[in-house]
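[1] need coordinates for the following:
(one chain, ligands or ions: 1)
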Amino acid sequence: MLVSEITKEGIQVEMDRLGLSESVPEIFVFEELGSTNQWLIDHLKDDQLKLCVANVQTEGRGRGGRSWLSPDGGIYLSFNYRVSPHISDFSAVSLVIGLVLVRVMRSEGVKNVGVKWPNDILIGGSKLAGVLIETKKINGCVWLVIGIGLNTRMPDSSNLPEDINWADLTGQCIGLDDRERLIALIFNECNKAMLQFFKEGFGVFRDEWMRFDAYSGKSVNIVDQGKVTLSGIEAGVDMQGMLQVLSGSELIKIHSGEVSLRINA
Ligand code: ATP
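    Next up, the predicted model:
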């Protein structure tokens with residue numbers, strides 16, 4: 001039995017309460033799904049904005065084929081946009097969505113929450129949420145699928161892999177019963193930010209993103225397929241969302257691609 005099931009009706013009530021007038025999504029909620037991103041990718045056809053939510057993901061995914069643990073008690077959602085086929089780089093989208101998650105968490109009274117380039121949300125240095133952006137081309141149309149996994153309450157940690165440095169919202173003023181409200185809020189805020197991003201680009205979000213950058217000024221490594229390819233001081237992001245690393249006196253820009261950012265312990 002699920003700890004406290006998220007339902008379509010519950011999300012709908014919360015969306016109505018928020019007074020969403022434009023960009024109302026079609027909502028799909030599942031007790032269990034392989035991956036909400038995959039479900040959306042399999043159901044892309046028209047311009048309709050869809051929001052897919054699962055109580056549990058059995059094949060939740062992160063970047064580069066890594067997996068995202070998605071037990072009962074979390075928030076797993078995806079939504080989609082049809083985008084211009086002329087834009088090929090959506091790497092800044094995960095930064096925009098990460099920033100929105102930080103805004104929402106802070107508005108809910110969660111402290112010490114920050115962004116980690118390019119796609120994670122940390123609380124006290126551990127991973128609270130992750131963002132996965134995928135694109136799919138069908139008959140010349142390009143779709144952007146945005147996935148979010150957020151740990152509300154993780155189950156007994158003895159059942160989780162030891163090497164995952166996760167955090168959840170235990171001890172914060174958000175409980176399992178707040179998830180439908182949070183989903184409505186997260187979707188609404190992400191959608192507003194995405195519409196702004198499509199018009200104005202990442203530049204308008206950059207300063208705020210930098211304010212919440214958890215690794216700002218820290219000694220970091222860039223890791224590519226398990227190998228450290230660059231070490232230096234993390235110096236925020238540029239107007240396109242590329243990471244800036246100060247290596248000696250040189251400011252090097254890194255495209256998110258498949259590299260990972262790690263603290264140089
Ligand atoms: P990092 O650099 O922190 O390893 P990444 O950006 O390389 O992250 P992501 O795709 O963001 O990788 O996330 C996948 C990774 O997140 C997994 O390999 C695992 O270490 C970790 N992880 C998986 N599930 C969760 C979860 N529910 N909460 C926190 N961390 C998780």
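[2] for the residue in the chain that the ligand sits nearest to, which residues are in contact?
    For the chain and the ligand, the shortest gap (Cβ to the nearest ligand atom) falls at G62, measuring 2.5 Å. Where C-beta positions appear, they are placed from N, C-alpha and C, glycine not excepted. Applying Cβ atoms under 8 Å, 6 or more residues apart in numbering, we find G62 in contact with 68, 130, 132.
[3] same thing with S70?
    S70 neighbours (Cβ under 8 Å, 6+ apart): 54, 56-58, 60, 76, 149.
[4] and it, what element?
    If you go by DSSP states H and E, S70 is not part of any helix or strand.
[5] for it, phi and psi?
    When read as degrees, to the nearest 10, the backbone of S70 gives phi -130, psi 60.
[6] let me know the pLDDT of it.
    With respect to pLDDT, S70 has a value of 96.
[7] now swap in the one 4 residues further on and tell me
    For G74, the pLDDT comes out at 97.
[8] before we move on, what about L51?
    97.
[9] pull the number of nearby residues for the closest residue to N112 other than its chain neighbours.
    Distance criterion Cβ to Cβ, 6 or more residues apart in numbering; nearest residue to N112, sequence neighbours excluded, is G124 at 4.9 Å. The number of residues packed near G124 is 11, by other Cβ atoms under 10 Å.
[10] what packs against whichever strand in the chain runs longest?
    Longest strand in the chain, counting residues (DSSP state E): strand 126-138. Applying 3 or more Cβ pairs under 8 Å, 6 or more residues apart in numbering; DSSP states H and E, we find strand 126-138 packed against helix 36-42, helix 93-107, strand 120-123, strand 141-150.
[11] export those to CSV and tack on mean neighbour count and mean pLDDT?
    CSV is the format used below for those (neighbours: other Cβ atoms under 10 Å; pLDDT from 0 to 100):
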stretch, mean neighbour count, mean pLDDT
helix 36-42, 21, 97
helix 93-107, 22, 98
strand 120-123, 24, 97
strand 141-150, 22, 96
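[12] turn these into CSV, columns for distance to V228.
    Formatted as CSV, those follow (distance: least, Cβ to Cβ, whole Å):
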stretch, distance to V228
helix 36-42, 29
helix 93-107, 22
strand 120-123, 19
strand 141-150, 27
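[13] surely G241 meets D89?
    No - using Cβ atoms under 8 Å, G241 makes no contact with D89, being 9.1 Å away.
[14] more crowded one of the two?
    G241 (24 against 12).
[15] just the buried positions in stretch 125-142, please.
    By neighbour count on 16 or more other Cβ atoms under 10 Å, the buried set for stretch 125-142 is 127-134, 142.
[16] ugh, wrong one, stretch 232-250
    232-238, 241-245.
[17] which of the residues you listed sits closest to Q38?
    Nearest to Q38 out of these is G241 (Cβ to Cβ; 25.0 Å).
[18] what's the closest non-adjacent residue to the closest one?
    For G241, the closest residue by Cβ to Cβ, 6+ apart turns out to be A92, at 3.2 Å.
[19] kindly report the same for T170.
    R153 (6.1 Å).
[20] buried sites along stretch 170-190?
    172, 174, 176, 178-190.
[21] reformat the buried residues of stretch 232-250 as JSON lines; add secondary structure and distance to F197.
    JSON lines is the format used below for the buried residues of stretch 232-250 (DSSP: H, G, I helix; E, B strand; the rest coil; distance: Cβ to Cβ, whole Å):
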{"residue": "G232", "secondary structure": "strand", "distance to F197": "28"}
{"residue": "I233", "secondary structure": "strand", "distance to F197": "28"}
{"residue": "E234", "secondary structure": "strand", "distance to F197": "23"}
{"residue": "A235", "secondary structure": "strand", "distance to F197": "23"}
{"residue": "G236", "secondary structure": "strand", "distance to F197": "18"}
{"residue": "V237", "secondary structure": "strand", "distance to F197": "14"}
{"residue": "D238", "secondary structure": "coil", "distance to F197": "16"}
{"residue": "G241", "secondary structure": "coil", "distance to F197": "10"}
{"residue": "M242", "secondary structure": "coil", "distance to F197": "16"}
{"residue": "L243", "secondary structure": "strand", "distance to F197": "18"}
{"residue": "Q244", "secondary structure": "strand", "distance to F197": "20"}
{"residue": "V245", "secondary structure": "strand", "distance to F197": "24"}
